[in-house]
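Asks: Any chance you could fold what I've pasted below:
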Amino acid sequence: MDVENLFDLSGKVAVITGSGKGIGKGIAKLLSESGAKVVLSSRTKEDIEKVAIEIGSTGGTALPIVCDATIDDQVASLADSAISEFNAIDIWVNNVGGSTGRSSLKELSRADWDETLALTLTSVFVGCQVAARNMQSGSIINISSRSSWGPVPNNAHYAAAKAGVNVLTASLAHELGPEIRCNAVASGAVPTDIFFKVMKLKPEELPQYAKDTGVPLQRLGTPRDIAGAVLFLCSEASSWMTGEVITVSGGR
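Replies: So this is what the prediction gives:
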């Protein structure tokens with residue numbers, strides 16, 4: 001394939017969960033810029049409608065669908081809507097995830113554990129299952145976290161859920177190949193709304209946070225940083241990759 005076509009997604013249909021803001025929005029916009037028709041999903045109708053308008057204003061095609069990624073029937077309906085509108089699904093990005101907040105193991109409630117696992121791991125399982133049942137070929141990309149690779153004091157429930165995403169990704173790569181590739185992106189710190197809520201930081205504190213946490217590139221990430229890795233994983237540039245977890249974290 002010619003170099004200029006290596007990242008071309010023209011004719012492809014991409015479903016991105018949690019794409020009303022933050023990393024999911026960044027992924028949707030970059031995949032659209034690369035030629036894909038994108039299906040946006042979020043629990044908040046206003047958010048995905050705004051993103052759809054932004055994408056449309058630059059000549060892209062976006063279909064906003066309200067969907068709670070933790071509810072099986074709604075995820076199945078999301079896939080049905082994508083196929084009804086565009087006749088196929090080629091790319092599925094499971095981006096939904098989050099934590100109920102920082103807490104020591106001693107203080108962590110069972111409710112917070114269950115909620116974090118449902119939002120961060122079970123939603124990915126449901127998305128992967130629905131995608132696999134509705135895709136003939138293509139790529140599934142799961143958004144994991146740098147937190148999945150080691151100890152994360154006071155946020156162990158989130159780290160455990162993301163570690164589960166990594167193993168799920170590797171396992172499904174074996175089950176779904178060769179028709180469907182399944183990879184993940186382990187994101188470092190990206191200051192989204194959830195990040196600010198969980199870390200209790202203010203925007204002006206971010207440069208010092210990056211310095212204190214030893215990020216070699218001396219800045220935190222952006223949604224587009226993560227989107228670039230997703231584009232790579234759903235393009236022909238990564239056609240011989242599956243079951244991999246790429247860390248994008250500024251070197252930390």
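Asks: Could you say which helix or strand holds the closest residue to I27 other than its chain neighbours?
Replies: Nearest residue to I27, sequence neighbours excluded (CB to CB, 6 or more residues apart in numbering): A227, at 4.5 Å. C-betas here are computed from N, CA, C, even on glycine. Per DSSP states H and E: A227 is located in helix 223-233.
Asks: for I48, same thing?
Replies: Using DSSP H and E, I48 falls in helix 45-57.
Asks: Other residues contacting that helix?
Replies: Helix 45-57 is contacted from outside by 19-21, 25, 28-29, 32, 38, 40-42, 61-66, using CB atoms under 8 Å, 6 or more residues apart in numbering.
Asks: Can you flag which of the residues you listed belong to strands?
Replies: Under the assignment DSSP state E, the contacts of helix 45-57 contribute V38, L40, S41, S42, A62, L63, P64, I65, V66 to strands.
Asks: Can I get the residues you listed in TSV including distance to P178, neighbour count and pLDDT?
Replies: Formatted as TSV, the ones in strands among the contacts of helix 45-57 follow (distance: CB to CB, whole Å; neighbours: other CB atoms under 10 Å; pLDDT from 0 to 100):
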residue	distance to P178	neighbour count	pLDDT
V38	25	29	98
L40	29	29	98
S41	27	30	98
S42	32	26	97
A62	30	24	98
L63	29	20	98
P64	33	24	98
I65	29	22	98
V66	34	19	98
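Asks: tell me which of the residues you listed is nearest to G98?
Replies: Proximity of the ones in strands among the contacts of helix 45-57 to G98 (CB to CB) peaks at S42, which lies at 12.7 Å.
Asks: Mind listing the residues bridging to that closest one?
Replies: V66 (DSSP bridges).
Asks: residues contacting it?
Replies: S42 touches T17, G18, S19, G20, K21, G24, I48, P64, V66, C67, counting by CB under 8 Å, 6+ apart.
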